[in-house]
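[1] coordinates for the following, if possible.
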Amino acid sequence: MPRRNRTAVVAFGGNALIRRGEDGTQKRQVQHAMELAAKLASLVRRGYGLLLVHGNGPQVGQILIQVEEAITKVPPQSLDVCVAQSEGSIAYLLERALRTTLARQRIRREVSSLITQVRVDPDDRALWRPSKPIGPFYPRFRAHTLRRQSRWPMIEDSGRGYRRVVPSPLPVEVLELEAIRTLLGRGHLVIAAGGGGIPVMRDERDEWLGVEAVIDKDYTASLLAGEVGADLFVILTDVDQVCLDYGQPSQRPLHRLTLAEAQRHLREGQFPPGSMGPKVEACLNYLKRGGREALITSARRLDRALVGRAGTRLVAADSPARRRVHA
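    The predicted structure follows:
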């Protein structure tokens, strides 16, 4: 096997396990976890250590539906606890799939999962501007009750009813960073900061408190990629590569982007906040912290993207010698 002194941080959404239009059963999630593990093994074969950061949107949605349906029988749980639950369950499915896949391919690597807390800034303006819809759709009368009793901000969403909206602050610090570094240094493949991590902050008495918010997993993955000195930062998404004029007749794919080019396209509104914008920004944050290269692609194209035949590669600056990612 190639040398192991390189690290790749890979971020992917919770829809990698629960896909749109599917029933989201545990059996289906196990199947998708195995499919994803097979793709991730290609990075291990190339000698990379892995730090995996997964999303949890669909899974937290399911947990919140369970909370709502059992509201008269079981005390409700706060959002930070629901995030922690999803971290554990998703990491379990991913770790199980990775262990099985690596054993079948005769790759000897340990896999470790960490419930991860992420500090947010109490002065982050996002905390006072809820913007992220979560959980089930409610009829108007139930939404009115929740607004009054729980003081939840609610919005009408997609013409399907009302949903709760919560803040999405930026990550400041990963509390389990040293544990992550230690495990990576010992050759473990690490699953951490699921769902962007459990948002926490300190109060005036220096006690840690959970925050009713969600953190974008791409921003947390970018922060971690810089903190662990990752050689490669990968964001797996639904599309094969980044495009200009996405969804328009003039749509054209981007195979390579420098930091300056990506910043210009962001200013021009090419990458909207609700879709590709956070992913591109996360890659740029990583590059600004001294990262080497980032890659945005789909899981199905990961193998080809690693050899420069698919996906969008982002680098700090262009150079005459365009090295492939695996070089």
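
[2] tell me how far the nearest residue to E22 once chain neighbours are set aside lies from P199.
    Using CB to CB, 6 or more residues apart in numbering and skipping the chain neighbours, the partner closest in space to E22 is R28 (5.8 Å). C-beta here means a position set from N, CA and C on the backbone, and glycine is covered the same way. According to CB to CB, to the nearest Å, R28 stands 29 Å off from P199.

[3] now L50
    Distance from L50 to P199, by CB to CB: 24 Å.

[4] the two: who's more crowded?
    For L50 versus P199, neighbours defined as other CB atoms under 10 Å are more numerous around P199 (29 against 22).

[5] what helix or strand is the more buried one located in?
    For P199, the host element (DSSP states H and E) is strand 198-202.

[6] again with Y286
    Using DSSP H and E, Y286 sits within helix 277-288.

[7] buried sites along stretch 125-132?
    126-127, 130, 132 (16 or more other CB atoms under 10 Å).

[8] just give me how far that stretch sits from the chain centre.
    19 Å (CA atoms, centre = their mean, to the nearest Å).

[9] distance between the ends of it?
    Stretch 125-132 has an end-to-end distance of 14 Å (criterion: CA to CA, to the nearest Å).

[10] so which residue is smack in the middle of the protein?
    For the chain, the residue nearest the mean C-alpha position is K217 (3.2 Å; CA atoms, centre = their mean).

[11] show me the contacts for the closest residue to it other than its chain neighbours.
    Leaving aside its chain neighbours, K217 sits nearest to G196 (4.1 Å; criterion: CB to CB, 6+ apart). Counting by CB atoms under 8 Å, 6 or more residues apart in numbering, G196 touches 53, 55, 118, 171, 214-217, 219-220.

[12] helices of the stretch 51-200 of the chain, residue ranges please.
    Residue ranges of the helices in the stretch 51-200 of the chain, as given by DSSP state H, counting those that start in this stretch, are 57-69, 79-104, 140-149, 177-185.

[13] tell me what the first one is packed against?
    In this case it means helix 57-69. helix 79-104, strand 132-138 (3 or more CB pairs under 8 Å, 6 or more residues apart in numbering; DSSP states H and E).

[14] avg pLDDT for it?
    Across helix 57-69, pLDDT averages out at 91.

[15] ok, residues contacting that helix?
    Outside helix 57-69, the residues that touch it by CB under 8 Å, 6+ apart are 13-15, 17-18, 24, 74, 76-77, 79, 82-83, 85-86, 89-90, 134-136, 195, 214.
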